[in-house]
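Trainee: Give me a model of this one.
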Amino acid sequence: MADIAAYPVPHATRMRPWHWLTLDAVAALLFVLPFGSREVRSPPYQNPWLSLLILGASMVFLARRRYPMTVCLLLTAATVTLGASPPPYDSYGPFAMMFVLYTVAATSSGRLATLASAVVFGAALVILADMHYPVSVLALSGITIGIVPSLIGSLVRQERLYRAETAAANAREIEAEVTSRMAEERLRIARELHDVVAHALSLITVQAGVAVFRRHEAEQMRATLTAIEETGRSAMVDMRQLLGVLRSDPATGSDADADSATDSDTPPSPDRAPIPDLPDLGTLVSQAARAGLRITLREEGERRAVPAAVGLAVYRIVQESLTNILRHARTTSASVLVRFEPDQVAVTVANPPPPDALPPAPAGPPGHGLRGMAERAALFGGTFSAGPAPDGGFTVAARFPA
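Mentor: The predicted model follows:
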């Protein structure tokens, strides 16, 4: 939008109403200027009524933009009357009538333009009939006076309509694009909030449940409460980071509430904490281990750098998978496999079936975790699958182009 504002505004769009009124006044003055000469003002040629008619026609001409059809009919009648008058009043030209005809065609519908053109064309033939011109000259003059201005005005009107329709179509396209981007951004924020909050709350819930049974074991109770505190702080950092992105200034990338002057030695705030990536999977696994899960993290292939967005997507899929295991799976073990292939990065999170002594987990309301993981994979042109494993466990697998 800033690029559009940088273009110069066309000259016609900068014209003010008083500019157009001034131009019309100059044109009207040119129409009546010959009748202010000494010869016309002398008694043999002076006719106050016809002079008043010329003055009235000039005044009416100034209202042609507001009342084009009415002014066209009045000027046509005045021009015909002056054309039938004695000299020098019969020399009043049809130019004012032609100007108004153009205005009618440029601002009114096709029917009004056709009607005005027919009236002016007929008036031109009436005026020219007394001059004994040849038929060819009479017809050409009538077309020039009564049809050509109407055609030019119609072309101008069509051009204006086309520009207006093009501008409206562009506005609708921009609005649709903005709406689509806003929807995508809301979806992305919803995924981030779901993954961060669901994972943290699941860990806190499991750890709090363990702490209840360790109320007589001071050391174990302290360790569990410490893990709960660290999990809550980590969730707060993630939330502040996400909210920091929402509060940042798009133009400068700085926080809107932050001071303009910053110290280069000041450590980054939690709002600007690093985005989780593949190397942070170890920390994620450690957090889940404090909640009681025994997780094995393996890597296959030669590790290499991947785009930050892809690394974040892999991290969130692993995070959401571990959250689902804590919430739904009746098991205490899981495995995470990250495989680096020549052109892809694959991640697999699997958990074994629950022990035979445990009943299956009760079915809960459908959530947004699996759908969010599938959307993350599709966003980068990858693939995603999730479902029961042959041994009775559950497997989540995703692939991303590297």
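Trainee: list the contacts for the residue lying closest to G382 once chain neighbours are set aside?
Mentor: Spatial nearest neighbour of G382, excluding adjacent residues (Cβ to Cβ, 6 or more residues apart in numbering): F400 at 4.2 Å. All C-beta atoms are positioned from the backbone trio N, CA, C, and that covers glycine. By Cβ atoms under 8 Å, 6 or more residues apart in numbering, F400 lies in contact with V306, V310, A313, V314, Q344, V345, A346, A377, F380, G382.
Trainee: Next step: the residues you listed restricted to helices.
Mentor: V310, A313, V314, A377 (DSSP state H).
Trainee: picking up where we left off before, pick the one among the contacts of F400 closest to L284.
Mentor: V314 (10.7 Å; Cβ to Cβ).
Trainee: any idea of the pLDDT on that closest one?
Mentor: Note on V314: pLDDT of 91.
Trainee: what are the bridge partners for the residue nearest to it when sequence neighbours are not counted, then?
Mentor: Sequence neighbours aside, V347 is the residue nearest to V314 in space, at 5.1 Å (criterion: Cβ to Cβ, 6+ apart). Beta-bridge pairing for V347 (DSSP bridges): V338, A398.
Trainee: how close does V347 get to V178?
Mentor: 34 Å (Cβ to Cβ, to the nearest Å).
Trainee: What is the neighbour count of R66?
Mentor: Counted with other Cβ atoms under 10 Å, the neighbours of R66 add up to 11.
Trainee: Give me the pLDDT for it.
Mentor: 87.
Trainee: any idea how far it is from D24?
Mentor: 11 Å.
Trainee: My guess is A386 contacts M373. True?
Mentor: Yes: using Cβ atoms under 8 Å, A386 is in contact with M373, at 7.1 Å.
Trainee: who's more crowded, those two?
Mentor: Using other Cβ under 10 Å, the more surrounded residue of A386 and M373 is M373, with 26 against 17.
Trainee: And stretch 284-297, what's buried?
Mentor: Residues of stretch 284-297 classed as buried: L284, V285, Q287, A288, R290, A291, L293, I295 (neighbour count, 16 or more other Cβ atoms under 10 Å).
Trainee: now the helices for the stretch 1-150 of the chain?
Mentor: Under the criterion DSSP state H, counting those that start in this stretch, the stretch 1-150 of the chain contains helices at 2-6, 17-32, 38-41, 48-61, 68-83, 95-107, 110-129, 135-146, 148-213.
Trainee: which one among the buried residues of stretch 284-297 gets closest to A164?
Mentor: Nearest member of the buried residues of stretch 284-297 to A164, counting by Cβ to Cβ, is L284, at 55.9 Å.
Trainee: The nearest residue in space to the closest one that is not next to it in sequence and A329, how far apart?
Mentor: Computed as Cβ to Cβ, 6+ apart, the closest residue to L284 that is not its neighbour in sequence is Q319, at 5.9 Å. Look at Q319 and A329: by Cβ to Cβ, they are 15 Å apart.
Trainee: same question, V345
Mentor: 25 Å.
Trainee: Please compare the two by neighbour count and tell me which comes out ahead.
Mentor: Taking neighbours as other Cβ under 10 Å, V345 and A329 compare with V345 leading, 25 against 21.
Trainee: what sits against the more buried one?
Mentor: By Cβ under 8 Å, 6+ apart, the contact list for V345 reads V306, V310, V314, V338, R339, R399, F400, A402.
Trainee: okay, the residues you listed in JSON lines with distance to T103 next?
Mentor: Below are the contacts of V345 laid out as JSON lines (distance: Cβ to Cβ, whole Å):
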{"residue": "V306", "distance to T103": "66"}
{"residue": "V310", "distance to T103": "63"}
{"residue": "V314", "distance to T103": "67"}
{"residue": "V338", "distance to T103": "74"}
{"residue": "R339", "distance to T103": "75"}
{"residue": "R399", "distance to T103": "67"}
{"residue": "F400", "distance to T103": "64"}
{"residue": "A402", "distance to T103": "66"}
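Trainee: Buried ones among those residues?
Mentor: The buried subset of these (16+ other Cβ under 10 Å) comprises V306, V310, V314, V338, R399, F400, A402.
Trainee: now, which of the residues you listed sits nearest S141?
Mentor: Distances from S141 to the buried ones among the contacts of V345, taken by Cβ to Cβ, are shortest for V310, at 76.8 Å.
Trainee: picking that back up, max pairwise distance over the contacts of V345: which two?
Mentor: So, the contacts of V345 by Cβ to Cβ: farthest apart are V310 and R339, at 13.8 Å.
Trainee: pretty sure A386 belongs to a helix, no?
Mentor: No: using DSSP: H, G, I helix; E, B strand; the rest coil, the assignment for A386 is strand, not a helix.
Trainee: All the strands of the stretch 251-400 of the chain, residue numbers only.
Mentor: With strands called from DSSP state E, counting those that start in this stretch, the stretch 251-400 of the chain shows them at 294-300, 333-340, 344-351, 383-388, 394-401.
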